[in-house]
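predicted coordinates and the sequence they were generated for:
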Amino acid sequence: MVIIILENVKPSLKGELSRWLFEIKSGVFAGRVSALVREELWNLIERKIGKGSAVMIYAQNTEQGFGAKTFGVPSRTLEDIDGVLLVKIQQ
């Protein structure tokens with residue numbers, strides 16, 4: 001399972017993601033894809049994000065049961081503290 005949340009991106013990027021994932025709300029995508037497809041989608045986001053931001057949450061064999069990545073300038077960032085992801089609110 002993968003969840004991608006986009007903020008302030010072009011509609012064309014959302015359109016490209018909607019080919020692979022279900023857009024459950026504007027800018028929020030969810031679906032089940034292979035790790036290879038997930039990484040290719042993330043590379044696409046990094047290339048086409050412009051001034052927007054993205055968060056990706058995906059199933060992973062960790063203590064929390066998921067991994068996460070961020071790109072751009074999100075209002076919140078992820079901090080890895082001893083293998084546990086915590087959310088840091090930007091001020």
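Structure's in. What do you need? Numbering: from 1, shown residues only.

which residues does the helix or strand where residue 29 lies contact?
Assigned by DSSP states H and E, residue 29 belongs to strand 28-31. Residues outside strand 28-31 that contact it (Cβ atoms under 8 Å, 6 or more residues apart in numbering) are 1-6, 17-18, 20-24. Just so you know, the C-beta spots here come from the backbone N, C-alpha and C atoms, and that holds for glycine as well.

restricted to strands, list those residues.
Secondary structure defined by DSSP state E assigns 2-6, 22-24 of the contacts of strand 28-31 to strands.

which among the residues you listed end up buried?
Neighbour-count burial within the ones in strands among the contacts of strand 28-31 applies to 2-6, 23; the criterion is 16 or more other Cβ atoms under 10 Å.

quick one, strands of the protein?
So, for the chain - with DSSP E - the strands run 2-7, 22-25, 28-31, 53-59, 66-72, 76-81, 84-89.

about what we covered before: of the ones in strands among the contacts of strand 28-31, which is the nearest to residue 49?
For the ones in strands among the contacts of strand 28-31, the minimum distance to residue 49 (Cβ to Cβ) is 7.8 Å, reached by residue 6.

was I right to think that closest one contacts residue 53?
Yes. Under the criterion of Cβ atoms under 8 Å, residue 6 makes contact with residue 53 at 7.5 Å.
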